[in-house]
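*Asks:* Turn this into a structure:
(one chain, ligands or ions: 2)
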Amino acid sequence: MKKFNELREQNNKFVYKSYGTLENEQTISLHFHYQLIESDKINDFHHKLSLNKNDKISTDLDFSNIIFHIGMAEAISYYKIATPKEFIIECGTLNDEQQAWFKKLYYNGLGEFIYLNNIAVTQDELLKFVIAFNGDDFKEIKVATQENNIIPIGGGKDSLVSYELLKDEFPESLMFSMNPIVASKAILDKHPDNSIELKRELDLEKILDFNKRGYLNGHIPFSSIVGFISIWLGLIYKTKYIVLSNESSANEENIIFNGLKVNHQYSKSVEFENDFRFYVSSFITKDVEYFSFLRPLDEIHIAKLFSQTKEHFFTFRSCNVGSKRNEWCGKCPKCLFTYIMLCNFIEDETLHKIFDKDMLDDSELQELFDGLSKSDEVKPFECVGTYDEVNYALSKKRATYTQDKLPFLLKNYKPVDIHYGLEVAFNGENNLPKKFKEILKANVEKLSF
Ligand SMILES: CC(=O)N[C@H]1[C@@H](OP(=O)(O)OP(=O)(O)OC[C@H]2O[C@@H](n3ccc(=O)[nH]c3=O)[C@H](O)[C@@H]2O)O[C@H](CO)[C@@H](O)[C@@H]1O[C@H](C)C(=O)N[C@@H](C)C(=O)N[C@@H](CCC(=O)O)C(=O)O
Ligand SMILES: Nc1ncnc2c1ncn2[C@@H]1O[C@H](COP(=O)(O)OP(=O)(O)OP(=O)(O)O)[C@@H](O)[C@H]1O
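*Replies:* Ligands and ions are numbered 1, 2, ... in the order given. Sure, this is the predicted structure:
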């Protein structure tokens, strides 16, 4: 593996060359061009997003501001290959405050990457933006948006819960999925007139080739990309609310490394959500609002809500490893975590059918089990919840077995006497508009733990 310092010493540069829109009768596509400049070589990357047109879309305004910003968020997949000190922007401008904002996103969004590649770098040192653009500043985009929702669908249980809780109250909501997996496509297909399917094409062969040649690789803040893209969708669909399904558990870091709170789910955290809302309303538009509907909830609450939606039991896929093949891989942290969250709310027989086994009886999962349940272990780098809710669920489940019937992973598990508060803090840090808070409250009140 080429090391961070070795790559930095080569004085490589990253360039955001251009962004553009191509439109024909059927499709709209956004194109982004980046370069990684090594001393004697220019490596070009071309990234593309595309969408089928329909009569709900209006593209008659100048959307360059938001499209430029989508390019800033998407650039991270290519920037991370060599993490140059200099990030040159040739197609737009960012003031000091905006540059500081993106530095924070890149640093925290690459937190897991920095930790796993054992990189010693501060937020200030990671990169410096160089503006090499002489055009005008971007203008705020003003669109008369309607009181409707775009609900991004990931195919796992969280966005399905939002979908279920909102579908009667807001039957005209638009369901958005990017490169949808089968589970997401099933939701979009139920709403053919209100679905947004977006194709995202990375310059993947080139990324994989750099990976093979030992350049840097690691996790990127995927949800920040969903965020900027969904603002663009809100503008072209004239739709006010972007309704995410990020939970409060996403705020907890995996580990603290050199003072950096390393969180796999950084761009799902409320810190990012608050920063993002501020950024969008200050520099892009005040007419589209991004918030997470499930923010007051922990994963355990979401799991209980999900357990009321039987029709999704055999279609949802929360497993990132298997979801492209429409499978639960049965071996990753997210499979085990999802199983643990649901194990008190869905009867064993059904749960075994969904996951194809009793995951708590799989001795090969001991290490993952410890990572999820012991606070002195590093929490797995996946979208999993907090130690407290895992231990709450495990302790509750363990109490339902007699000693001789305990599944393998619960045999040596010591129930934890935690005071895990199940009450939902609706007045905690969240950005739910009043009407959404009322719907969530009414549904949570129906649950009894
Ligand atoms: C599906 C998945 O979890 N992928 C992560 C995995 O990548 P892998 O190599 O196993 O396969 P691919 O995803 O096909 O990636 C191939 C290469 O392309 C790079 N790449 C991929 C997507 C992208 O947007 N940009 C890229 O540069 C990737 O680095 C590979 O070289 O491991 C990677 C390294 O740790 C992860 O970066 C991949 O994660 C995807 C970006 C991804 O979509 N992950 C989401 C499912 C995810 O983790 N979401 C989090 C939200 C995190 C956040 O803060 O936004 C969540 O749901 O909580
Ligand atoms: N491909 C995608 N297209 C559109 N939105 C997405 C996509 N992937 C994720 N999202 C959005 O990001 C949120 C976080 O993703 P995440 O995978 O954690 O959630 P999920 O799929 O709804 O449920 P789970 O946590 O059980 O997997 C989703 O709830 C959804 O709103």
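
*Asks:* going forward, measure contacts and count neighbours with C-alpha atoms only.
*Replies:* Will do.

*Asks:* Just to check, E252 is in contact with Y387?
*Replies:* No - taking Cα atoms under 8 Å as the definition, E252 is not a contact partner of Y387, at 9.5 Å.

*Asks:* Can you give me the distance of the residue most central in space within the chain to ligand 2?
*Replies:* Nearest residue to the geometric centre of the chain (Cα atoms, centre = their mean): S223, 3.1 Å. Going from S223 to ligand 2 by Cα to the nearest ligand atom, to the nearest Å gives 6 Å.

*Asks:* Could I have the CA atoms of the helix or strand that residue falls within written out in PDB?
*Replies:* Assigned by DSSP states H and E, S223 falls within helix 222-236. Extracted C-alpha coordinates of helix 222-236, given in PDB (Å, rounded to 0.1, in the frame of the first residue of the first chain):
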ATOM      1  CA  PHE A 222     -22.000   8.500   1.100                       C
ATOM      2  CA  SER A 223     -25.000  10.200   2.800                       C
ATOM      3  CA  SER A 224     -23.500  13.700   2.100                       C
ATOM      4  CA  ILE A 225     -23.700  12.800  -1.600                       C
ATOM      5  CA  VAL A 226     -27.300  11.600  -1.200                       C
ATOM      6  CA  GLY A 227     -27.900  15.000   0.600                       C
ATOM      7  CA  PHE A 228     -26.600  17.300  -2.200                       C
ATOM      8  CA  ILE A 229     -28.300  15.200  -4.900                       C
ATOM      9  CA  SER A 230     -31.600  15.300  -3.100                       C
ATOM     10  CA  ILE A 231     -31.500  19.100  -2.800                       C
ATOM     11  CA  TRP A 232     -31.100  19.200  -6.600                       C
ATOM     12  CA  LEU A 233     -34.100  16.800  -6.900                       C
ATOM     13  CA  GLY A 234     -36.100  19.000  -4.600                       C
ATOM     14  CA  LEU A 235     -35.400  22.000  -6.800                       C
ATOM     15  CA  ILE A 236     -36.200  20.400 -10.200                       C
END
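
*Asks:* hmm, who's touching it?
*Replies:* Contact with helix 222-236 is made by 57-59, 63, 66-67, 69-70, 73-74, 143, 145, 150, 152, 239-242, 267-268, 287-290, as judged by Cα atoms under 8 Å, 6 or more residues apart in numbering.

*Asks:* swap the cut-off to 6 Å and go again
*Replies:* By Cα atoms under 6 Å, 6 or more residues apart in numbering, the residues outside helix 222-236 that reach it are I57, S58, T59, I70, A73, S267.

*Asks:* Going by neighbour count, which of these comes out on top?
*Replies:* Taking other Cα atoms under 10 Å as the neighbour criterion, S267 ranks highest of the contacts of helix 222-236 with 26 neighbours.

*Asks:* That one belongs to a strand?
*Replies:* No - judged by DSSP: H, G, I helix; E, B strand; the rest coil, S267 forms no part of a strand; its state is helix.

*Asks:* And it, how far from P407?
*Replies:* 36 Å (Cα to Cα, to the nearest Å).

*Asks:* returning to what we had before: dump the helix or strand just after the helix holding S223 to PDB, restricted to CA.
*Replies:* Using DSSP H and E, the helix or strand that follows helix 222-236 in sequence is strand 239-244. Taking Å, rounded to 0.1, in the frame of the first residue of the first chain, the C-alpha atoms of strand 239-244 are listed here in PDB:
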ATOM      1  CA  THR A 239     -40.600  19.800  -3.700                       C
ATOM      2  CA  LYS A 240     -39.900  21.400  -0.300                       C
ATOM      3  CA  TYR A 241     -39.000  18.500   2.100                       C
ATOM      4  CA  ILE A 242     -36.200  16.000   1.800                       C
ATOM      5  CA  VAL A 243     -37.100  13.400   4.400                       C
ATOM      6  CA  LEU A 244     -34.200  11.300   5.500                       C
END
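
*Asks:* hang on, the earlier thing: is the helix holding S223 positioned near ligand 1?
*Replies:* Yes - using Cα under 6 Å from any ligand atom, helix 222-236 reaches ligand 1 at F222, S223, S224.

*Asks:* Check which residues of that helix are buried.
*Replies:* 222-236 (16 or more other Cα atoms under 10 Å).

*Asks:* what about it, distance to the chain center?
*Replies:* 12 Å (Cα atoms, centre = their mean, to the nearest Å).

*Asks:* buried set for the helix or strand containing A186?
*Replies:* For A186, the host element (DSSP H and E) is helix 182-190. Within helix 182-190, the residues scored as buried using 16+ other Cα under 10 Å are V182, A183, S184, K185, I187, L188.

*Asks:* Ok, stretch 400-410 next?
*Replies:* If you call a residue buried by 16+ other Cα under 10 Å, then stretch 400-410 has these buried ones: L406, P407, F408, L409, L410.

*Asks:* need those in JSON lines with distance to E112, can you?
*Replies:* Listed next are the buried residues of stretch 400-410 as JSON lines, based on distance: Cα to Cα, whole Å:
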{"residue": "L406", "distance to E112": "35"}
{"residue": "P407", "distance to E112": "33"}
{"residue": "F408", "distance to E112": "31"}
{"residue": "L409", "distance to E112": "28"}
{"residue": "L410", "distance to E112": "30"}
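
*Asks:* Could you dump the residues you listed into TSV and include pLDDT and distance to I37?
*Replies:* Shown next, in TSV, are these (pLDDT from 0 to 100; distance: Cα to Cα, whole Å):
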residue	pLDDT	distance to I37
L406	96	58
P407	97	55
F408	97	53
L409	97	50
L410	96	53
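
*Asks:* Tell me the one of these nearest ligand 2?
*Replies:* L409 (22.2 Å; Cα to the nearest ligand atom).

*Asks:* With H46 as the reference, measure out to the closest one.
*Replies:* Counting by Cα to Cα - L409 and H46 are separated by 47 Å.

*Asks:* How about G371?
*Replies:* Taken as Cα to Cα, the span from G371 to H46 is 38 Å.

*Asks:* just Y401 next, same as before
*Replies:* Here the criterion is Cα to Cα. By it, Y401 lies 56 Å from H46.

*Asks:* Next, count neighbours for V243.
*Replies:* V243: 27 neighbours (other Cα under 10 Å).
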